[in-house]
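Novice: My questions concern the predicted model and sequence given below.
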Amino acid sequence: MKFFASCGKGLEYLLADELVALGCARATAAIAGANVEGSLADAQRAVMWSRLASRVLWPIAEFDCADEHALYAGVAAVPWPEHLSPGDTLAVDAHVSGDAITHARYAAQRVKDAVVDVMRAKTGGRPDVDVEAPDLRLNLVVRKGRAILSIDLGGGPLHRRGWRQKQGEAPLKENLAAAVLMRGQWPKLYAEGGALLDPMCGSGTLLIEGALMAADVAPGLMRHGSGTPTRWRGFDAAAWTLLVDEARSREAAGMNSLRPAFFGRDLDPHAIRAASDNAALAGLTGLIDWQVADVRALGALADDASRGLVVCNPPYDARLAADPALYRALGDALKRVAPDWRASVLCGDAELAFATGLRAGKKYQLFNGAIECTLIVCDPVAPPQRERSEGETLSEGAQMVANRLRKNLRKLKNWREREDISCFRAYDADLPEYAAAIDVYTTDEAAPRTFLHVQEYAAPAEIPEAVQRRRLNELLAAVREVFAVPRENVALKTRKRGKGGSKYADVRAGHFDTRGELLTVREGDARLRVNLFDYLDTGLFLDHRPMRLRIADEAEDTRFLNLFGYTGAATVHAAVGGARLTTTVDLSATYLEWCADNLRENNAGGTRHRLVQADALSWLEADTQYYDLIFCDPPTFSNSKRAEDFDVQAEHVRLLRAAVARLADDGVLYFSNNFRRFKMDDAAVAQFARCEEISAQTIPPDFSRDARIHRCWRLQRLPQ
């Protein structure tokens with residue numbers, strides 16, 4: 001069964017990972033939530049244990065909804081006596097978009113009318129309305145002419161844990177607090193003996209949530225007490241009782257062993273009293289050290305609190321009005337008191353985050369209600385500075401590269417944040433004297449790390465080696481200055497030409513050795529493994545990002561074929577996009593194993609995903625299956641002892657003819673290559689396919705300097 005878990009914007013990927021960890025078969029990030037595959041038991045477990053979800057919605061009806069009459073008819077078609085009793089109370093939350101139905105309150109009223117009319121006709125009784133604590137809470141979403149009606153299994157907002165009775169003027173929702181803690185890797189730090197500090201704690205939300213997380217207390221345990229969160233007749237009350245029993249057992253064990261490793265400070269004594277009262281309601285009396293203190297005079301903590309996490313939500317209002325000096329004082333205090341700690345600080349916006357003076361290893365856009373905020377994660381708070389000789393600065397050349405890098409990052413910033421791009425090209429020989437490509441890879445993990453893949457283009461023979469070496473050192477100095485990454489996070493290679501135009505890499509000896517390190521990054525909804533250090537390429541061609549995302553959008557319920565599959569990134573996108581079957585063909589066993597790892601990373605293993613080790617062209621000409629979607633990205637040239645030599649210019653008509661022959665009716669073939677002198681034989685291809693070049697649509701902004709990085713076509717079979 002598929003259900004939906006909603007959350008605040010910016011928490012989607014964390015929520016999807018959490019739901020899979022809770023046992024759901026699959027969870028895919030969506031806008032303000034996650035689409036989940038699992039059983040009713042999984043959904044009920046999410047109600048009890050999810051720290052990030054706002055609601056867990058179990059669909060009971062989906063129908064076309066062109067207008068209010070269709071809405072009423074669709075709701076009235078539901079057998080309501082199977083879902084509630086005549087004496088039960090009811091509430092409806094509605095969310096509508098589009099032109100057909102424009103008022104959410106009116107849509108909720110029509111849903112209520114339909115339910116009441118059906119119940120009265122079939123049982124002689126009717127449910128009453130109770131918007132605060134109904135027996136059954138329904139959720140309606142109308143979008144693009146479709147309506148989804150769901151049971152709200154939690155009976156209301158899940159961020160309400162049940163312990164917060166007092167709050168300040170701008171309270172932080174508990175599930176957003178959980179996200180701040182998770183991004184800071186708090187559970188791992190606590191397990192390692194770490195402490196938790198909030199130097200501007202307000203009513204204590206971050207610290208109380210952190211303590212309950214450390215004690216393994218289910219967030220739904222106090223909220224629902226001994227009853228069930230809903231009286232929906234389909235709710236499995238027996239399974240819920242088992243969940244409650246398990247949660248109480250884990251709470252008893254966790255609270256019994258909880259260390260008093262929590263420190264709350266605030267300038268306002270009223271806030272400290274409210275925080276202390278909330279902690280008492282949560283069962284944490286005596287476990288959190290609350291003190292009235294100005295952040296500017298923040299003192300050292302207990303002697304045994306030598307390592308931990310600082311969490312904080314400094315003040316700002318709906319207009320993002322805040323005192324930058326206060327943010328600077330916070331940053332200075334943390335550098336003084338906790339330089340070796342990790343910090344996860346939710347700031348009003350990027351400018352206020354910058355005002356702290358803290359160097360963030362990772363930044364996230366989160367929403368505190370309707371306010372878009374910037375979460376910065378620093379590890380450590382005060383990284384050790386590279387020792388420089390007295391008076392040392394970047395050379396003029398290095399400063400030029402650094403300035404260009406910063407300019408490029410500013411130019412790409414809005415696009416990267418809007419599209420959630422974490423792997424991208426930051427520089428591509430923008431300054432001819434400094435001929436290199438610099439790609440940024442940010443890992444998809446609780447505490448993301450930034451790695452750089454630097455490919456130096458081999459200099460012309462007439463450039464003296466000493467000049468080449470100086471320019472490379474200046475470029476690397478600029479890279480370290482701008483990105484502030486440790487030396488071991490930079491992979492340096494020289495891209496050269498071999499016989500026949502083939503490319504190979506010289507992994508710079510003396511800089512970094514090959515080390516077999518695989519990093520997991522995210523692209524769209526796909527998690528992909530890359531290797532930056534051991535091969536010429538990393539396992540992910542960044543310039544093909546738009547093509548892979550297009551495949552994900554078009555893959556639902558298709559039979560997908562990936563020819564010359566490489567590490568299977570396109571296959572993974574098809575799989576997470578809902579492809580019914582995938583087939584990946586490559587001659588390399590290493591790449592196919594890599595593809596299998598990528599599929600497993602996305603919970604997409606099994607017989608639905610076929611891996612074939614073969615020469616792609618020979619296999620294709622012998623294949624008899626049909627496919628709805630084919631991606632073919634062959635190399636420019638290849639030779640192998642196990643297959644005939646391949647030249648894309650010479651063989652492309654034969655290749656495309658064989659691929660088009662395997663297309664199902666209305667199937668689509670995407671063909672691309674990066675041979676800069678490639679010329680499509682339009683006349684030959686026109687004999688068997690409709691062909692449209694779509695290269696401009698597939699070049700992403702970070703590769704816009706080089707529109708010839710690749711070319712791409714969309715082909716369909718001619719009508720019979």
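Specialist: Structure received. Being a predicted model, the structure only gives us computed values, none of them experimental.

Novice: Tell me where the stretch 1-150 of the chain has strands.
Specialist: All strands of the stretch 1-150 of the chain, identified by DSSP state E, counting those that start in this stretch, fall at 2-6, 26-30, 33-37, 55-64, 89-96, 128-129, 136-143, 146-152.

Novice: In a markdown table, list the ones you listed along with distance to residue 615.
Specialist: Just so you know, the C-beta spots here come from the backbone N, C-alpha and C atoms, and that holds for glycine as well. Formatted as a markdown table, these follow (distance: least, Cβ to Cβ, whole Å):
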| stretch | distance to residue 615 |
| --- | --- |
| strand 2-6 | 39 |
| strand 26-30 | 34 |
| strand 33-37 | 36 |
| strand 55-64 | 46 |
| strand 89-96 | 52 |
| strand 128-129 | 68 |
| strand 136-143 | 46 |
| strand 146-152 | 45 |
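
Novice: Of all these, which one comes closest to residue 661?
Specialist: strand 26-30 (33.4 Å; Cβ to Cβ).

Novice: Give me the residues contacting the closest one.
Specialist: Strand 26-30 is contacted from outside by 4-5, 12-13, 15-17, 19-20, 34-38, 525, 576, 603, using Cβ atoms under 8 Å, 6 or more residues apart in numbering.

Novice: try 6 Å this time
Specialist: Contact with strand 26-30 is made by 12, 13, 16, 19, 20, 34, 35, 36, 37, 525, 603, as judged by Cβ atoms under 6 Å, 6 or more residues apart in numbering.

Novice: Distance from the lengthiest helix in the chain to the middle of the chain?
Specialist: Ranked by residue count under DSSP state H, the longest helix found in the chain is helix 396-419. The chain centroid and the centroid of helix 396-419 are separated by 23 Å, computed with Cα atoms, centre = their mean, to the nearest Å.

Novice: mind checking pLDDT for the residue of the chain positioned farthest from its centre?
Specialist: Most distant from the centre of the chain: residue 124, at 49.6 Å, with distances by Cα atoms, centre = their mean. Among the per-residue scores, residue 124 shows a pLDDT of 92.

Novice: Next: residue 494.
Specialist: 81.

Novice: same deal with residue 499?
Specialist: For residue 499, pLDDT reads 38.

Novice: rewinding a little: which single one of the contacts of strand 26-30 is nearest to residue 702?
Specialist: Set against residue 702, the nearest of the contacts of strand 26-30 by Cβ to Cβ is residue 525 (19.8 Å).

Novice: The closest one reaches residue 574, doesn't it?
Specialist: No - using Cβ atoms under 6 Å, residue 525 is not in contact with residue 574; the gap is 11.3 Å.

Novice: which one of those two has more residues nearby?
Specialist: Between residue 525 and residue 574, residue 574 has the larger neighbour count (other Cβ atoms under 10 Å), namely 31 against 20.

Novice: which element is that one on?
Specialist: Residue 574 is part of helix 569-576 when elements are defined by DSSP states H and E.

Novice: Now tell me what touches that helix from outside.
Specialist: 525-526, 528, 540, 548, 551-552, 555, 560, 562, 582, 584, 598, 602, 604, 631.

Novice: and if we set it to 7 Å?
Specialist: Residues from elsewhere that reach helix 569-576, judged by Cβ atoms under 7 Å, 6 or more residues apart in numbering: 28, 524-526, 528, 540, 548-549, 551-552, 555, 560, 562, 565, 582, 584, 595, 598-599, 602, 604, 609, 629, 631.

Novice: Just give me the neighbour total for the closest residue to residue 429 other than its chain neighbours.
Specialist: In this structure, residue 429 finds its nearest non-sequential neighbour in residue 435, 4.5 Å apart by Cβ to Cβ, 6 or more residues apart in numbering. Using other Cβ under 10 Å, residue 435 has 21 neighbouring residues.

Novice: Distance check, residue 295 against residue 336.
Specialist: Using Cβ to Cβ, to the nearest Å, we find residue 295 at a distance of 11 Å from residue 336.

Novice: Have a look at the two and say which one is more surrounded.
Specialist: Neighbours around residue 295 and residue 336, counted as other Cβ under 10 Å, are more numerous at residue 295. The numbers are 21 against 13.

Novice: What does the pLDDT read for that one?
Specialist: pLDDT, read off for residue 295, is 91.

Novice: my read: it touches residue 197, true?
Specialist: No - contact status for residue 295 versus residue 197: not in contact, 11.0 Å apart, counting by Cβ atoms under 7 Å.

Novice: Please point out which parts of stretch 604-617 sit buried.
Specialist: 604, 609, 611, 612, 614, 615, 616, 617 (16 or more other Cβ atoms under 10 Å).

Novice: Okay, and which of those map to strands?
Specialist: 609, 611, 612 (DSSP state E).

Novice: Looking at these, which is nearest residue 190?
Specialist: residue 609 (37.9 Å).

Novice: Run a quick check on that closest one versus residue 579, I expect a contact.
Specialist: No - using Cβ under 7 Å, residue 609 makes no contact with residue 579, being 8.6 Å away.

Novice: which residue packs closest to residue 24, ignoring adjacent ones?
Specialist: Per Cβ to Cβ, 6+ apart, closest to residue 24 is residue 38, 3.8 Å.

Novice: Next, the contact list for the one you found, please.
Specialist: Per Cβ under 7 Å, 6+ apart, neighbours of residue 38: 1, 24, 25.

Novice: How much space separates it from residue 552?
Specialist: 22 Å.

Novice: circling back to that earlier point, got the confidence number for the residue nearest to residue 24?
Specialist: 95.

Novice: ditto for residue 667
Specialist: 96.

Novice: For it, which non-adjacent residue is spatially closest?
Specialist: Looking at residue 667 with Cβ to Cβ, 6+ apart, the closest residue is residue 628, at 4.8 Å.

Novice: and the one you found, how many neighbours?
Specialist: 21.

Novice: Show me which residues of stretch 10-30 are buried.
Specialist: So, applying 16+ other Cβ under 10 Å, buried residues of stretch 10-30: 10-20, 22, 24, 26-30.

Novice: Take the residues you listed and keep only those in helices.
Specialist: Mapping the buried residues of stretch 10-30 onto helices (DSSP H) picks out 12, 13, 14, 15, 16, 17, 18, 19, 20.

Novice: Go through these and name the one nearest residue 453.
Specialist: The closest of these to residue 453 turns out to be residue 13 (Cβ to Cβ; 22.9 Å).

Novice: Which ones among the contacts of helix 569-576 map onto strands?
Specialist: Those of the contacts of helix 569-576 lying in strands (DSSP E): 28, 526, 528, 560, 562, 582, 584, 609, 629, 631.

Novice: Can you give me the pLDDT of the first one?
Specialist: On pLDDT, residue 28 comes in at 91.

Novice: Next, the distance between the ends of stretch 164-173.
Specialist: One end of stretch 164-173 to the other measures 10 Å (Cα to Cα, to the nearest Å).

Novice: Repeat that for stretch 702-719.
Specialist: 38 Å.

Novice: Which residues belonging to that stretch are considered buried?
Specialist: Neighbour-count burial for stretch 702-719 flags 702, 703, 709, 710, 711, 712, 713, 714, 715, 716, 717 (criterion: 16+ other Cβ under 10 Å).

Novice: wait, the third one sits on residue 673?
Specialist: No - look at residue 709 against residue 673 with Cβ under 7 Å: they stay out of range, at 10.9 Å.

Novice: ok, now how distant is residue 700 from residue 419?
Specialist: Distance, residue 700 to residue 419, using Cβ to Cβ: 9 Å.

Novice: Residue 704 now?
Specialist: 14 Å.

Novice: Only the buried residues of stretch 425-433, if you could.
Specialist: For stretch 425-433, by 16+ other Cβ under 10 Å, it's 425, 426, 427, 428, 429, 430.

Novice: cool, stretch 521-537 as well?
Specialist: For stretch 521-537, by 16+ other Cβ under 10 Å, it's 521-535, 537.

Novice: what do you get for stretch 480-491?
Specialist: Applying 16+ other Cβ under 10 Å to stretch 480-491 flags 480, 481, 482, 483, 485, 489, 490, 491 as buried.

Novice: So of these, which two are at opposite extremes in space?
Specialist: 481 and 491 (18.0 Å).
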